[in-house]
Structures are given as structure tokens and as C-alpha cells.
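Undergrad: Model the structure of this input:
(chains A and B)
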Amino acid sequence: NAGVTQTPKFQVLKTGQSMTLQCAQDMNHEYMSWYRQDPGMGLRLIHYSVGAGITDQGEVPNGYNVSRSTTEDFPLRLLSAAPSQTSVYFCASSPYGAANYGYTFGSGTRLTVV
Amino acid sequence: EDKVVQSPLSLVVHEGDTVTLNCSYEVTNFRSLLWYKQEKKAPTFLFMLTSSGIEKKSGRLSSILDKKELSSILNITATQTGDSAIYLCGGAGSYQLTFGKGTKLSVIP
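TA: Just a heads-up that it's a prediction; the model follows:
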């Protein structure tokens, strides 16, 4: 049972490049979220999904897109990378929402934009 | 906008000390309060609190929720160096889980 798998673990991008951070879970969880973590800032919610085909914005959505075509996958797209998007990104999933079960987190993707 | 505030932001203690970490929240349609421990990588789940005044315990860690005061505390007794980590508090509403900035705990021998 792999849990929540994020790829890649590390990535360096040049300003203006685009890329997709992958997130997959094998627990049949309906709820999935993307957070970014910056030093001293805790975890900030970027986007979340309550099921396949349904997504919504969190606290810091600008510069990011998401889609949820299957229950298992929830990719995060950076449209035109900026140095301000240098961060550690965590994907998380939950069977019926964090309020009832909490989230299981992936191991994170460390992104540097130069 | 939902808001979660943790204090202190950092704390240095000696092994064997007891520590109390604080969390206050303003969350629309509040459902539960969650505590996570983060060492080098992903946060790991500690507690979920939904009912006011009921303490949850796991070994040397315990936590309690006060819905009247919109707050929670996490206690760690007889601290060990392995307790060194960032402790994150999150307030869960209907769909979103909002985290505070975390408390960085350092336990020195």
C-alpha cells in the first residue's frame, strides 16, 4: 500500500517555465489537497478537491492550476514559474474530509525557481 | 477567511521538561481541530479533537479542545530529543483544513 505518492521529489525550474507536480493515492480517498510550505509560514492551502471532477481554490491559488479526472490523481500545474513559487509542496488525501479523518500527506516536492 | 494562530513559534527546552503548545482558531463551520508532528519530511497525524473538554492522550502527548475559547493545547511531558519537531495545528471546516504557522520545538540533552 503506497499511500500518497508525489513526484518528483526535487525540481529546479527557470523563471517562466511550466511544469506539473504529480500526486497519486491508492486508498480510494475522495478528498485531496495541495499545500505549500515556506519557512515560518506553516502549510498554506493552494487547491483542493472533494471528488473526481470537482476542484476549488484555497488560500494561495494564483499561478497554479489543478484538475481531478480520476479519484487517484490530483496533479498541480505551474503555468509560468516565478521565484516566489520556490517552496516545498505537499499533497494530502482523506477518505471523507480532513474534518472527520485528518489528512495523509505525501513526502513532498522541493521546488526551486531560479 | 479562516485563521489559525499558534504560540509560541519556537521553543527550546531541556530533556525531561514539560511543554504546552497553544493553538487558537477562527474557522467557518468548524468541525474539528487536528495536531500534526513534522520532522524532516511530511507531517504525521497526532490527534483529532471534535468535542470540547475531552482530553486525548497518546503516551506522553495529550491534547484538549476548548470550543468556548476557540482554542486547543498540546502537552508533552518528560520531553525527549526525539520530540524535536515542528508541531502543526489545523482547524477543519466543511471542506478546508487551515493550518497555523507551527511551533518549532527543540529539546536539548
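
Undergrad: wouldn't residue A:15 be in contact with residue A:86 here?
TA: No - contact criterion CB atoms under 8 Å: residue A:15 and residue A:86 do not qualify, at 10.4 Å. The way it works is simple: take the backbone N, C-alpha and C, and place the C-beta from them, glycine included.

Undergrad: Neighbour count: these two, which is higher?
TA: Counted by other CB atoms under 10 Å in any protein chain shown, residue A:15 and residue A:86 do not tie: residue A:86 has more neighbours, with 16 against 11.

Undergrad: shared neighbours, residue A:15 and residue A:86?
TA: Shared contacts of residue A:15 and residue A:86, defined by CB atoms under 8 Å, 6 or more residues apart in numbering or on different chains, comprise residue A:113.

Undergrad: Any residues of chain B in contact with chain A? List them.
TA: Within reach of chain A by CB under 8 Å from any CB of the partner chain, chain B has these residues: B:1, B:6, B:9, B:31-32, B:34, B:36, B:41-45, B:48, B:88, B:90, B:92-102.

Undergrad: ok, residue 59 - how many residues close by?
TA: You didn't pick a chain, so chain A it is. Neighbours of residue A:59 (other CB under 10 Å): 16.

Undergrad: wait, I meant chain B there
TA: With other CB under 10 Å as criterion, residue B:59 counts 8.

Undergrad: phi, psi of it?
TA: phi 60, psi -120 (degrees, to the nearest 10).

Undergrad: Which secondary structure elements does the lowest-mean-pLDDT helix or strand in chain A sit against?
TA: Lowest mean confidence among the helices and strands of chain A (mean pLDDT, DSSP states H and E): helix A:98-101, at a mean of 78. Helix A:98-101 sits against strand A:87-94, strand B:32-38, strand B:85-92, with contacts defined as 3 or more CB pairs under 8 Å, 6 or more residues apart in numbering or on different chains; DSSP states H and E.
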